[in-house]
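Visitor: Sequence and computational prediction follow.
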Amino acid sequence: MRALLLAGSQSPRMWPLVETCPKPLLSIGGKPIIQWVIEDLRAAGIRHITVSKGYLGEQISDFLGRGHGFDVKIEYAVQEEARGVAESILVAKDEFEGKDAFLVVNADILAGPKIIRRAQKHYRELDAEAVVSLTLTNTPQFYGIAEIDERARIRRVVEKPQPDEIQSRYAIAGIYVFQPSIFEHLERSRDLTKTIQSLIDEDDKVYGSVWERDWVEVSYPWDLVQANRFVLDKQLKGKGSFIAESADIQQPSRIEGSVHISEGVVVRPHTTIRGPVYIGPNTYIGNNSLIREYTSLGANVLVGFGCEIKESIIYDSTKIGRLSFVGDSIVGRNVEIGAGVQLVNHPLAGKTITSAISGKPEIVPRKKFGAVIGNDTILSPNVSVFPGVKIGTRSIVLPGTVLAQDVPSQTEASPHQEVAFRRLD
């Protein structure tokens, strides 16, 4: 069976991370998301993949090439404008029409190869017209939701339901098996959810393939933190550690749990690393630092004296000044974080964390979540950033600023202070 891998979305909800990089190329655990997905497809026996590319698509094809480096064959279908999932499928019509059933997989889905094999198995065994992978979720408002009967036949689909519309907690997991006839339906509706519902209404056999294990869809910035946790567990938990021969772990330092420490890494004395943790090539970690569980540090990162980094993703060539705290955050490439910066990850007592997504506040479904910082940004010393705040690319935050709202790209943020004098009698 061949696969269509959807990688063309502009993904505005992932701002500012996607201003200069398409979402499928955002790295977690040392690899871009799309590479993890391709490795899952290959492990499930899929070797012929068509990638539907659109926004910043040349970056995707430059990275993947023709697939030789990933032991698969890759072809491309080009979406000239970002017009949704249906259009991403339709641009591949010539590749699949008149042929056998095929997989459709979103390039932002992480679940492992077994969910793919299960969808294929259910398609064959149920003589289905279509199969839609489903997974249970506690946040149905963020996903397309399917209502199923006792035989797992899908009866209704609702896209991102309102609270009074939630009749099911089975989320559509972004993996499908379709007959080529799907193109005819998509050309009429131009909407994947409506197309699936039309197949159901015509009494075609549309089944859910239920997946009970871990699954991550990267739709929001906080999903990237969860996806990083997912792949670090997959890569490291229960599998021991990898420490490159050229890595310099200076004593006394302490490594707890499983870690991946790449070539040329330097860890200065009195530092503790608590795995699972990924550390990329030529990264430097200063004395007395604490790198906590589920952190990924990219290549050429510099962490200064006495820093604490917890469950965060730090991209290549970023510098973190001494005595800084980075909690549950995502920090882009070539960012400069000055001494004493605090990326706060915990809300005030009794409050939930919210983050502005496309101009509207969204409740973050995590107890802890820090900041999202775009590439090439500078945070001066002693800056504090509240949970859920995002800072755009190439911005500057001046010393002593306390940020409780987003900073647009290419913007300077500074504090406004008044000094009050009182005579001492």
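Guide: On my side now, so go ahead.

Visitor: Where does pLDDT dip in this structure?
Guide: Low-confidence segments of the chain (pLDDT under 70): 350.

Visitor: In it, spot the helix with the most residues.
Guide: In the chain, taking DSSP state H as the definition, the longest helix is helix 221-236.

Visitor: Can you name the element that comes right after that one?
Guide: Going down the chain from helix 221-236, the next helix or strand is strand 242-243, by DSSP states H and E.

Visitor: Run the chain-centre distance for that following strand.
Guide: With Cα atoms, centre = their mean, to the nearest Å as the basis, strand 242-243 stands 25 Å off its chain's centre.

Visitor: which residues touch that strand?
Guide: By Cβ atoms under 8 Å, 6 or more residues apart in numbering, the residues outside strand 242-243 that reach it are 249, 255, 259, 260, 261. For the C-beta atoms, the positions are set from N, CA and C on the backbone; glycine is no exception.

Visitor: Now intersect those with the strands, please.
Guide: Among those, DSSP state E puts 249, 255, 259, 260, 261 in strands.

Visitor: I'd like the residues you listed written out as TSV, with distance to residue 128 and neighbour count added.
Guide: Shown next, in TSV, are the ones in strands among the contacts of strand 242-243 (distance: Cβ to Cβ, whole Å; neighbours: other Cβ atoms under 10 Å):
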residue	distance to residue 128	neighbour count
249	53	18
255	49	18
259	43	22
260	40	22
261	46	26
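
Visitor: residue boundaries of the helices in the stretch 1-150 of the chain?
Guide: For the stretch 1-150 of the chain, helices defined by DSSP state H, counting those that start in this stretch occupy the ranges 33-43, 57-64, 85-90, 93-96, 113-126.

Visitor: Can you tell me which of those helices is nearest to residue 202?
Guide: helix 113-126 (16.7 Å; Cβ to Cβ).

Visitor: could I get that closest one in CSV with only the CA atoms?
Guide: Coordinates of each C-alpha in helix 113-126 appear next as CSV, following Å, rounded to 0.1, in the frame of the first residue of the first chain:
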residue,chain,number,x,y,z
PRO,A,113,4.0,2.1,13.2
LYS,A,114,1.4,-0.1,14.9
ILE,A,115,-1.4,2.4,14.5
ILE,A,116,-0.7,2.3,10.7
ARG,A,117,-0.6,-1.5,10.5
ARG,A,118,-3.9,-1.6,12.5
ALA,A,119,-5.7,0.8,10.0
GLN,A,120,-4.5,-1.4,7.1
LYS,A,121,-5.6,-4.6,8.9
HIS,A,122,-9.1,-3.2,9.6
TYR,A,123,-9.5,-2.0,6.0
ARG,A,124,-8.8,-5.5,4.7
GLU,A,125,-10.8,-7.5,7.3
LEU,A,126,-13.9,-5.3,7.2
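
Visitor: Going forward, the N-terminal residue is numbered 10.
Guide: Sounds good: first residue 10 from here, last item helix 122-135.

Visitor: What is it packed up against?
Guide: Counting by 3 or more Cβ pairs under 8 Å, 6 or more residues apart in numbering; DSSP states H and E, the packing neighbours recorded for helix 122-135 are helix 42-52, strand 111-115, strand 139-145, strand 179-187, strand 215-220.

Visitor: go again using 7 Å as the cut-off
Guide: Judged by 3 or more Cβ pairs under 7 Å, 6 or more residues apart in numbering; DSSP states H and E, helix 122-135 is in contact with helix 42-52, strand 139-145, strand 179-187, strand 215-220.

Visitor: that older thread, between which two of the ones in strands among the contacts of strand 251-252 is the distance greatest?
Guide: The span of the ones in strands among the contacts of strand 251-252, defined through Cβ to Cβ, is set by 258 and 269 at 13.1 Å.

Visitor: can you count the residues close to residue 51?
Guide: 17 (other Cβ atoms under 10 Å).

Visitor: So it sits against residue 83, correct?
Guide: No: Residue 51 is not in contact with residue 83 according to Cβ atoms under 7 Å; the separation is 11.1 Å.

Visitor: sorry, back to before: give me the contact list for the longest helix of the chain.
Guide: 23, 26, 35, 37-38, 42, 45, 119, 223, 225-227, 267, 269, 284-285, 287, 303, 305, 320, 322, 337, 339, 373, 375, 378, 381 (Cβ atoms under 7 Å, 6 or more residues apart in numbering).

Visitor: Stretch 361-374 now?
Guide: With Cβ under 7 Å, 6+ apart as the test, stretch 361-374 has contacts from 21, 22, 148, 229, 231, 356, 375, 378, 396, 397, 399, 415.
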